[in-house]
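[1] Need a 3D model of the following:
(one chain, ligands or ions: 1)
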Amino acid sequence: MGIVMGPNQYGKAEVRLVAVDRDTPRHSVKDLTVSTSLRGDLDAAHLSGDNSKVLPTDTQKNTVYAFAKEAPIGEIEDFALRLGRHFVGTADGITEARVLIDEHSWERIPVGGTGHDHSFARSSDEKRTTAVTVEGDQAHVVSGLKDLVVLKSTGSEFWGYPKDRYTTLAETTDRILATAVTARWRYLHTDVDWGKSFESIRATMLEAFACTHSYALQQTLYEMGKAALEKHPEVAEVRLSLPNKHHFLVDLAFCGLENDNEVFYAADRPYGLIEGVVKRDDVEDDPKAWYTLPEF
Ligand SMILES: O=c1[nH]c(=O)c2[nH]c(=O)[nH]c2[nH]1
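    Model (predicted):
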């Protein structure tokens, strides 16, 4: 019986990078949070403190900033692929690199009806995300979004569930349905117009949320994933994590008022958490693409 080192990775987490494109007086801003993780021949580092294959996390952070200067960042998937390929191609003993990027959104401040050249407002909490794994000359891309908050004021029911002695929830045929969407989708290859694909998948999932008459958030989840897959042959699977942001009808009987689905208490916790994978049945799973990512 012995003790061995299991799977491991190391890198710099959450490098905050803001890059300004100043080529013309009409600037643009990219605001990213970048995390790098390297894997490979790192047993000696763990077993005996031999750092000869440990490219410092500080160097990884510096590389992120230098790459932002050396070429335009472009789409986050392209930036992540460039970084991942660099680490695998140049760092001795490193065979795999994972680069996670969250992109924070800035919108031009409208001045006199048009967006200002160099002043911006944070538009929402929503982030565009990517998780790129480079493994030798292979690359796995999982892109997505998080914190996209959506609400339907009707078109949502929840009934027909089992009842036991602990059940108090009343069945409803008309409730608010609200969630903060985290979605990740796995691409089948890297020959993708990343920006166009992202915008279309996002719009498609939003449309499915809006247009599905929902009998449960679970059903809405499936419809959102299915719609994205039907429209996007470049995508193999969509993973969704949907917190059910409960809105409870306020009982206004205390002052003799009826509440006809108009006044709600928005609870922040606890919340139902509905998660799932919607996938093609004719495509192989790709555990490497998801390794160490949350299951949903
Ligand atoms: O859409 C829902 N799914 C559930 O599983 C659930 N459970 C619950 O209490 N409310 C809801 N709503």
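[2] ok, which stretches of the stretch 101-250 of the chain are helices?
    194-211, 217-231 (DSSP state H, counting those that start in this stretch).
[3] Residue 19 should be in a helix, yeah?
    No - Residue 19 is assigned strand when assessed by DSSP: H, G, I helix; E, B strand; the rest coil, not a helix.
[4] hang on, the earlier thing: of the helices of the stretch 101-250 of the chain, which is nearest the ligand?
    Nearest to the ligand, of all the helices of the stretch 101-250 of the chain, is helix 217-231, at 3.6 Å by CB to the nearest ligand atom. The C-beta positions use only the backbone N, C-alpha and C, and glycine is treated the same way.
[5] per-residue pLDDT, the residue nearest to residue 105 when sequence neighbours are not counted?
    Distances taken as CB to CB, 6 or more residues apart in numbering put residue 123 closest to residue 105, at 4.6 Å, once the chain neighbours are dropped. Note on residue 123: pLDDT of 85.
[6] How many residues are close by residue 123?
    Residue neighbour count, defined by other CB atoms under 10 Å, stands at 11 for residue 123.
[7] So it versus residue 148, what's the distance?
    Using CB to CB, to the nearest Å, residue 123 is found at 12 Å from residue 148.
[8] Equivalent analysis for residue 18, please.
    Distance from residue 18 to residue 148, counting by CB to CB: 22 Å.
[9] nearest residue to the closest residue to the ligand within the stretch 1-150 of the chain other than its sequence neighbours?
    Residue of the stretch 1-150 of the chain nearest the ligand, by CB to the nearest ligand atom: residue 150 (13.9 Å). Once flanking residues are discounted, residue 150 sits nearest to residue 209: 5.5 Å by CB to CB, 6+ apart.
[10] From residue 212, how far off is residue 104?
    Residue 104 sits 29 Å away from residue 212, going by CB to CB.
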